[in-house]
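Enquirer: Predicted structure and sequence below. I'll ask about it afterward.
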Amino acid sequence: MIFVLGILNAPFLQAQSVDSCMEAKVAEAINLCQSILDNGSRNANVYHKLASALYQSGQTDRAKTVLNKAGSLYPGNENLKSLTKLINSSMSEQDELDKSAKKNEDMIAQGKSKIELKVACLTKTGNTGINACRQYLTITDVDAEKIKARLAELGAGSKTINPKPPVVSERKELPTTSDKPSTPAAPPKPSEPVIVTRPTPPVNSAQREAVITAQQLLNDLGFAVGLPDGIAGERTKQALINFYSQIGQNSSGIPVNNATLQDLDKARSEFVRAEQLLADSRRAEADEDFLLAISNLDEASATSKLFNVPSGYAAALHSKLLAQQTLAGPQTTDEVTIPVQNAEPDTQESVVQITTPATSDPIVVTNTAAEEPQSTEQFNQLLAEIRLLTQKLDTQSRSHDQQLNAIRASVKID
């Protein structure tokens with residue numbers, strides 16, 4: 001019996017595994033989510049969480065491999081598309097930043113070298129000053145006339161290297177006396193490097209971790225903020241505003257605190273539950289249990305305000321249910337007597353055969369219409385509603401029994 005209860009409890013355990021994967025931190029999420037996929041489960045959110053964790057841990061190539069596979073399984077999933085675009089764009093931006101940083105470093109080194117050579121040329125004497133002046137002229141033409149004059153002053157005018165045609169400079173000339181050192185001149189404006197500065201992380205490490213967690217949760221919920229970096233920039237602030245607006249709360253979420261994280265975590269748990277209910281609804285639809293499919297879909301919509309019912313899905317379920325009931329017709333299990341009010345004295349009571357659950361009380365329907373054509377039409381409509389209600393009661397009863405069995409299995413009650 002324990003084995004049977006364990007089988008019934010498998011969906012419950014699977015949902016727990018998915019929740020553990022979605023709620024795990026980066027290091028733990030990689031193993032948990034990969035284990036779920038290795039066991040044969042297919043879930044777009046699990047693929048998204050795994051790829052995100054791999055990317056944040058520096059395993060970019062592996063993250064791209066996971067996203068390529070997920071994209072082939074779920075080509076229309078916007079979260080997977082957004083994460084793929086984010087990783088590709090981040091790699092391009094990082095390459096540009098690295099190139100720019102290298103260029104700046106070269107420019108800074110070159111500018112520093114020119115300044116040092118110019119200072120040595122103007123302040124040193126002997127071979128040290130002569131060599132500095134000659135090296136400076138091989139690098140740049142700025143203040144070439146002044147450097148040539150300094151070489152002549154040092155007695156090496158005939159040995160100077162012929163520089164390129166001088167470029168007119170608007171900078172003030174420095175003193176050329178060799179008796180006392182001159183103040184180093186700032187590098188010319190055309191050669192001044194453009195320094196690329198990167199954002200400085202928050203000093204408070206706990207706050208930074210809170211922002212990173214919030215950014216991860218926002219990405220998971222579809223409010224893209226880019227790569228989690230612990231900095232509450234404009235994208236993060238706007239995403240939080242959109243999140244609270246969608247769940248119907250008047251809050252900006254700024255600054256990020258424990259309340260913000262609790263709201264985001266709760267919303268993610270509700271969204272995951274709604275996705276699971278949608279999967280249950282589709283399985284019930286495949287089994288042609290359209291009442292259960294509609295019930296699961298309604299519960300999914302009520303569970304998460306961020307959950308969107310697939311377009312046309314609810315209408316399709318109702319149409320299939322109506323067609324099923326039309327083909328099935330009335331089923332005879334219990335007799336229900338329906339007295340007709342306003343009838344003639346010799347009019348007999350109408351007896352209708354409908355199906356009701358074993359535990360339900362007899363259902364008595366009274367026809368209150370005065371005119372015969374309208375009474376018949378309303379009577380048939382009422383019968384259809386009764387069938388729908390009784391089937392729904394039966395479905396809810398079976399669902400209740402399944403949940404009870406799952407609870408018993410979870411606590412190992414024989």
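Expert: Thanks, I have the structure now. None of these values were measured; they are calculated from a predicted model.
Enquirer: What are the buried residues along stretch 392-406?
Expert: Under the neighbour-count criterion of 16 or more other C-beta atoms under 10 Å, stretch 392-406 has 394-395, 399, 406 buried. For glycine as for every other residue, the C-beta is placed from the backbone atoms N, C-alpha and C.
Enquirer: closest to residue 307 among those?
Expert: residue 399 (19.9 Å; C-beta to C-beta).
Enquirer: mind checking how far that closest one is from residue 62?
Expert: Note on residue 399: its distance to residue 62, by C-beta to C-beta, to the nearest Å, is 41 Å.
Enquirer: Flag the shaky bits of the stretch 51-200 of the chain, pLDDT-wise.
Expert: Within the stretch 51-200 of the chain, the ranges that satisfy pLDDT under 70 run 90-98, 100-101, 103-112, 156-200.
Enquirer: Do a quick rundown of the helices in it.
Expert: 60-73, 78-123, 126-139, 144-153 (DSSP state H, counting those that start in this stretch).
Enquirer: out of the ones you listed, which comes closest to residue 221?
Expert: For residue 221, the closest of the helices of the stretch 51-200 of the chain is helix 78-123, at 8.7 Å, according to C-beta to C-beta.
Enquirer: Show me the protein divided up by domain.
Expert: As assigned by automatic domain parsing, the chain contains the domains 98-191, 329-414.
Enquirer: Please identify the buried residues of the helix or strand containing residue 47?
Expert: Assigned by DSSP states H and E, residue 47 belongs to helix 44-56. Neighbour counts over helix 44-56 (16+ other C-beta under 10 Å) mark 44-56 as buried.
Enquirer: And the furthest pair within those?
Expert: Top of the distance list for the buried residues of helix 44-56 (C-beta to C-beta): 44 and 56, 18.6 Å.
Enquirer: Can you get me a residue count around residue 153?
Expert: 16 (other C-beta atoms under 10 Å).
Enquirer: my bad, should have said residue 259
Expert: 10.
Enquirer: I'd like to know how far it sits from residue 220.
Expert: For residue 259, the distance to residue 220 equals 18 Å [C-beta to C-beta].
Enquirer: do residue 29 as well
Expert: 11 Å.
Enquirer: can you check residue 376 too?
Expert: Note on residue 376: its distance to residue 220, by C-beta to C-beta, is 56 Å.
Enquirer: sorry, back to before: tabulate the helices of the stretch 51-200 of the chain in JSON lines, adding columns for distance to residue 225.
Expert: Shown next, in JSON lines, are these (distance: least, C-beta to C-beta, whole Å):
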{"stretch": "helix 60-73", "distance to residue 225": "17"}
{"stretch": "helix 78-123", "distance to residue 225": "9"}
{"stretch": "helix 126-139", "distance to residue 225": "46"}
{"stretch": "helix 144-153", "distance to residue 225": "53"}
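Enquirer: out of these, nearest to residue 243?
Expert: helix 78-123 (14.4 Å).
Enquirer: hmm, back to that, output the contacting helices and strands for the helix holding residue 47.
Expert: With contacts defined as 3 or more C-beta pairs under 8 Å, 6 or more residues apart in numbering; DSSP states H and E, helix 44-56 has these neighbours: helix 10-23, helix 26-38, helix 60-73, helix 78-123, helix 205-220.
Enquirer: same thing but at 10 Å, please
Expert: Contacts defined by 3 or more C-beta pairs under 10 Å, 6 or more residues apart in numbering; DSSP states H and E place helix 44-56 against helix 10-23, helix 26-38, helix 60-73, helix 78-123, helix 205-220, helix 258-286.
Enquirer: what about residue 69, neighbour count?
Expert: Residue 69, neighbours per other C-beta under 10 Å, totals 13.
Enquirer: what's the answer for residue 248, then?
Expert: 7.
Enquirer: so how far is residue 43 from it?
Expert: Taking C-beta to C-beta, one finds residue 248 at 27 Å from residue 43.
Enquirer: what about residue 376, helix or strand, and which?
Expert: helix 372-410.
Enquirer: between that helix and helix 258-286, how big is the angle?
Expert: 120 degrees (axes from the mean of the first three to the mean of the last three C-alpha atoms, to 10 degrees).
Enquirer: Quick one: mean pLDDT over stretch 293-301.
Expert: The pLDDT scores in stretch 293-301 average 92.
Enquirer: With just CA atoms, put it into CSV.
Expert: In CSV, the C-alpha atoms belonging to stretch 293-301 read as follows (Å, rounded to 0.1, in the frame of the first residue of the first chain):
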residue,chain,number,x,y,z
ALA,A,293,-9.3,20.9,-16.6
ILE,A,294,-11.5,24.0,-16.1
SER,A,295,-11.3,23.7,-12.3
ASN,A,296,-7.5,23.6,-12.4
LEU,A,297,-7.3,26.5,-14.8
ASP,A,298,-9.6,28.7,-12.6
GLU,A,299,-7.4,27.8,-9.6
ALA,A,300,-4.3,28.8,-11.5
SER,A,301,-5.8,32.2,-12.3
